[in-house]
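# coordinates for the following, if possible.
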Amino acid sequence: MLKKRIRFSCINFSIFLILIIQVNFFDIFPSNDFLMNLNSDTNKYLLLIVLLFFAIIKVFTAKHYTHPNQYFQGSTIFFGCSVITIIILSTFSYNQSMQTSFINGYYYLIFPLIYYIYGTHLIDKQNFLDFQKIVTSIGSIEAFIYIINSRFINFLNPVAAIDVSNAASGRSVMGFTRYQSPADFVFFASILLSVTILLKIRKINISFYILQLIMLSYIFFVSQVRTYFLISIAFLLVILGAFLIKRFGYLIPIVGLIFIIIFLGILYLIIDKLGFFHGDRISSMLVRTEAIPYYLSQMFKNIIFGIGFPDVHSNYYLIHGFSNIYGASLFYIEDTGIFGIIGVFGIMALIYLICFFKEIGKAMMMTKNKIQFGLVFIVLIGLFPTLIPLNATRIIFMGFYLIILDFICNYNM
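Numbering: from 1, shown residues only. You can find the predicted model right below:
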């Protein structure tokens with residue numbers, strides 16, 4: 001029997017700690033320049049220090065550093081080695097200090113550290129359920145307080161530049177001020193909660209609906225991140241549809257489909273009201289159409305790697321390109337998904353992707369849970385074009401997504 005409460009353990013505490021750091025302690029406490037340089041949506045020094053501490057502990061205490069059924073060890077190790085290699089090579093390519101190169105690329109190391117520290121631990125069913133409860137609790141709290149902060153009482157202290165700008169502008173849509181930085185965590189929490197239903201680890205109950213309602217409401221009304229909302233709602237509908245078919249046969253799902261069509265019609269009107277596909281939002285899409293070819297063109301800039309990790313100030317135009325449409329440097333690597341990663345890592349990114357997809361194929365062949373594995377993989381791939389979890393704001397989640405895929409491969413339903 002699975003325990004209903006989260007078990008207290010050192011490793012569960014470490015998971016709680018890094019996740020609380022990731023959400024910046026819910027942005028409750030006022031920040032200053034020192035704290036923002038240490039931990040914010042783009043600065044991950046505190047997170048890296050804590051993870052290195054836990055990694056050292058594992059080196060000296062763990063009996064098993066890997067698990068025979070961890071499918072993504074090879075590609076993850078290659079990625080970590082690529083980061084270290086590019087930090088070193090960027091120093092010579094741009095005639096800058098090693099410290100400067102490290103400052104501009106250190107956060108990529110968070111992904112392999114997460115996979116190394118927690119990969120073997122979370123393959124266990126009870127450990128995975130504890131992890132889901134911690135993530136969902138933090139995610140739903142984060143979503144709820146930001147809904148309140150956006151619509152009613154402004155009491156939080158966001159550190160993300162885009163959120164500070166949105167709050168300062170006073171602009172709101174349907175009464176909601178846009179705060180998009182917490183969306184990465186809330187989306188991950190929503191998907192992870194749905195995964196436990198998909199794998200039948202937990203049952204669909206009232207708490208499931210309440211938690212998903214809170215998190216999806218935040219994603220839709222407050223963050224207004226189109227990709228996150230569309231993927232999370234589609235994933236949830238697939239799971240609920242499968243549940244209804246199994247329990248009631250095809251009659252109820254057919255009736256449900258009619259209501260879904262009506263719901264989607266109403267949803268479209270709300271989306272149009274929120275301006276998801278016009279105004280400033282269409283401008284960002286136009287910029288991406290220029291940014292993607294630009295970053296791909298930089299893939300061979302340094303032969304074996306692309307842009308790498310140059311000093312931001314002296315290489316501003318190299319990093320941000322130039323938009324012919326708007327006549328300014330408006331390109332951002334984090335907005336162009338896998339294409340931006342290829343622009344930074346170059347050939348090393350292509351090798352990583354080849355290794356990664358090879359491991360995906362092997363895992364798909366080995367697992368008995370092919371449908372469940374395939375659905376979660378589609379969710380991950382759906383993030384690759386624009387919101388790939390390999391940028392500073394979302395790097396922590398890449399390791400956890402791969403751990404979820406490992407768990408699905410090893411789980412006996």
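# elements contacting the helix ranked longest in the chain?
Secondary structure of the chain per DSSP state H: the longest helix is helix 125-151. For helix 125-151, the elements it packs on are helix 10-22, helix 183-198, helix 206-217, judged by 3 or more C-beta pairs under 8 Å, 6 or more residues apart in numbering; DSSP states H and E. C-beta: built from backbone N, CA, C; applies to glycine.
# ok and the helix or strand that that helix is followed by relative to helix 125-151, angle-wise?
Per DSSP states H and E, the first helix or strand lying C-terminal to helix 125-151 is helix 161-169. Between the axes of helix 161-169 and helix 125-151, defined by axes from the mean of the first three to the mean of the last three C-alpha atoms, to 10 degrees, the angle is 30 degrees.
# okay, buried residues for stretch 160-180 please.
160, 163, 166, 167, 176, 177, 178, 179, 180 (16 or more other C-beta atoms under 10 Å).
# and for stretch 294-302?
294, 295, 298, 299, 301, 302.
# tabulate these in CSV, adding columns for secondary structure and pLDDT.
Converted to CSV, the buried residues of stretch 294-302 look like this (DSSP: H, G, I helix; E, B strand; the rest coil; pLDDT from 0 to 100):
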residue, secondary structure, pLDDT
294, helix, 96
295, helix, 97
298, coil, 96
299, coil, 96
301, coil, 96
302, coil, 96
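# which of those residues sits closest to residue 30?
Nearest to residue 30 out of those is residue 295 (C-beta to C-beta; 36.3 Å).
# mind listing what the residue nearest to the closest one when sequence neighbours are not counted touches?
With C-beta to C-beta, 6 or more residues apart in numbering as the criterion, residue 295 has its nearest non-adjacent residue at 3.0 Å, and that residue is residue 343. Residues counted as contacts of residue 343 (C-beta atoms under 8 Å, 6 or more residues apart in numbering) are 294, 295, 296, 297, 298, 299, 306, 307, 333, 336.
# per-residue pLDDT, the fourth one?
What that stands for is residue 297. Residue 297 is assigned 96 on the pLDDT scale.
# quick check: closest non-adjacent residue to it.
residue 343 (7.9 Å).
# need the three-state assignment for residue 303.
coil (DSSP: H, G, I helix; E, B strand; the rest coil).
# can you add distance to residue 353 and give the buried residues of stretch 294-302 back as JSON lines?
As requested, these are exported to JSON lines (distance: C-beta to C-beta, whole Å):
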{"residue": "294", "distance to residue 353": "20"}
{"residue": "295", "distance to residue 353": "15"}
{"residue": "298", "distance to residue 353": "17"}
{"residue": "299", "distance to residue 353": "12"}
{"residue": "301", "distance to residue 353": "18"}
{"residue": "302", "distance to residue 353": "18"}
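# quick check, nearest of those to residue 200?
Closest to residue 200, out of all of the buried residues of stretch 294-302 and judged by C-beta to C-beta, is residue 295, at 41.4 Å.
# identify the residues contacting that closest one.
So residue 295 contacts 306, 307, 321, 331, 333, 336, 339, 340, 342, 343, 344 (C-beta under 8 Å, 6+ apart).
# what pLDDT does the third one get?
Residue 321 carries a pLDDT score of 93 in this model.
# shaky segments in the stretch 51-200 of the chain?
Applying pLDDT under 70 to the stretch 51-200 of the chain flags residues 63-68.
# go again using 80 as the cut-off
Applying pLDDT under 80 to the stretch 51-200 of the chain flags residues 62-68, 169-174.
# make JSON lines out of the contacts of residue 343 and add distance to residue 127.
Shown next, in JSON lines, are the contacts of residue 343 (distance: C-beta to C-beta, whole Å):
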{"residue": "294", "distance to residue 127": "43"}
{"residue": "295", "distance to residue 127": "38"}
{"residue": "296", "distance to residue 127": "40"}
{"residue": "297", "distance to residue 127": "45"}
{"residue": "298", "distance to residue 127": "41"}
{"residue": "299", "distance to residue 127": "39"}
{"residue": "306", "distance to residue 127": "38"}
{"residue": "307", "distance to residue 127": "39"}
{"residue": "333", "distance to residue 127": "34"}
{"residue": "336", "distance to residue 127": "35"}
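# farthest-apart pair in those residues, please.
Largest pairwise distance in those, by C-beta to C-beta, is 13.6 Å, between 297 and 333.
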